[in-house]
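Q: I would like the atomic coordinates for the input below:
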Amino acid sequence: MIKLFLAIFFTLTSLSALETSNKLFECTEIFKARKSELLVELERIDEQKQSLSALKTATEELLVKREAKASQDEAAVKAKLGEISSKEESIKKILQKNEEILKEIKAIKMSKTAETFAKMKAANAADVLSKMESQDAATILSSLKPKTVGTILSKMDAKKASELTLILAK
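A: So this is what the prediction gives:
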């Protein structure tokens, strides 16, 4: 009975070991199939990594080119701005000189006009100045000597003379 029991025990153990061996064989097959899937996935990931690296390199090169272009454009703008500033300064100087020359011309013109009115008889000067715009007449009178102005104003209409006197007083 013990022999029978041992024979049954060894038989069952062998069957159990055989069944376990089959399960191990199935697991190994599953792992082999999964291993090939994982290798394919690793290749795909590696390709994506290489593509990403190439894209990153191209982007960095483009960024460097754009920065160089921006620097170049900025330098050109600064140069143009400097050129404009220097031209602006030269124009300001020219304008200032022109204003000074214009003042000199006006002064010369005024002095000649004043000389003309100073040489005129008071009645004639009063008549001419009365017909002029008040501001222009006052400008001419302001360039004359006070005695001459008094004489001319005394020969004018009182209303016009008072108007010119007010302008001269300002």
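Q: count the neighbours of residue 140 for me.
A: 20 (other Cβ atoms under 10 Å). Where C-beta positions appear, they are placed from N, C-alpha and C, glycine not excepted.
Q: what's near enough to touch it?
A: Residues near residue 140 by Cβ atoms under 8 Å, 6 or more residues apart in numbering: 110, 113-114, 117, 129, 132.
Q: quickly find the element holding it.
A: Assigned by DSSP states H and E, residue 140 belongs to helix 134-142.
Q: just the contacts of residue 140: which are in strands?
A: With strands taken from DSSP state E, there is no overlap with the contacts of residue 140.
Q: in ChimeraX, how would I select just the buried ones from those residues?
A: Command for ChimeraX, covering only those of those found buried under the criterion 16 or more other Cβ atoms under 10 Å:
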select :114,117,129
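Q: follow-up on the earlier one: pull out the buried residues from the helix holding residue 140.
A: Within helix 134-142, the residues that count as buried by 16+ other Cβ under 10 Å are 137-141.
Q: restricted to helices, list the contacts of residue 140.
A: 110, 113-114, 117, 129 (DSSP state H).
Q: mind putting these in CSV, distance to residue 169 and pLDDT included?
A: Below are these laid out as CSV (distance: Cβ to Cβ, whole Å; pLDDT from 0 to 100):
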residue, distance to residue 169, pLDDT
110, 19, 78
113, 21, 78
114, 19, 77
117, 20, 72
129, 17, 82
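Q: okay, the residues you listed in JSON lines with distance to residue 32 next?
A: JSON lines is the format used below for the ones in helices among the contacts of residue 140 (distance: Cβ to Cβ, whole Å):
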{"residue": "110", "distance to residue 32": "114"}
{"residue": "113", "distance to residue 32": "118"}
{"residue": "114", "distance to residue 32": "120"}
{"residue": "117", "distance to residue 32": "123"}
{"residue": "129", "distance to residue 32": "122"}
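Q: just the C-alpha atoms of the one helix or strand residue 123 maps to, please, in PDB.
A: Using DSSP H and E, residue 123 maps to helix 122-131. C-alpha atoms of helix 122-131 as PDB (Å, rounded to 0.1, in the frame of the first residue of the first chain):
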ATOM      1  CA  ALA A 122       5.500 165.300 -39.300                       C
ATOM      2  CA  ALA A 123       2.200 165.900 -41.100                       C
ATOM      3  CA  ASN A 124       3.100 163.600 -44.000                       C
ATOM      4  CA  ALA A 125       4.500 160.900 -41.600                       C
ATOM      5  CA  ALA A 126       1.300 161.200 -39.500                       C
ATOM      6  CA  ASP A 127      -0.900 160.800 -42.600                       C
ATOM      7  CA  VAL A 128       1.000 157.700 -43.800                       C
ATOM      8  CA  LEU A 129       1.100 156.000 -40.400                       C
ATOM      9  CA  SER A 130      -2.600 156.700 -39.800                       C
ATOM     10  CA  LYS A 131      -3.500 154.700 -42.900                       C
END
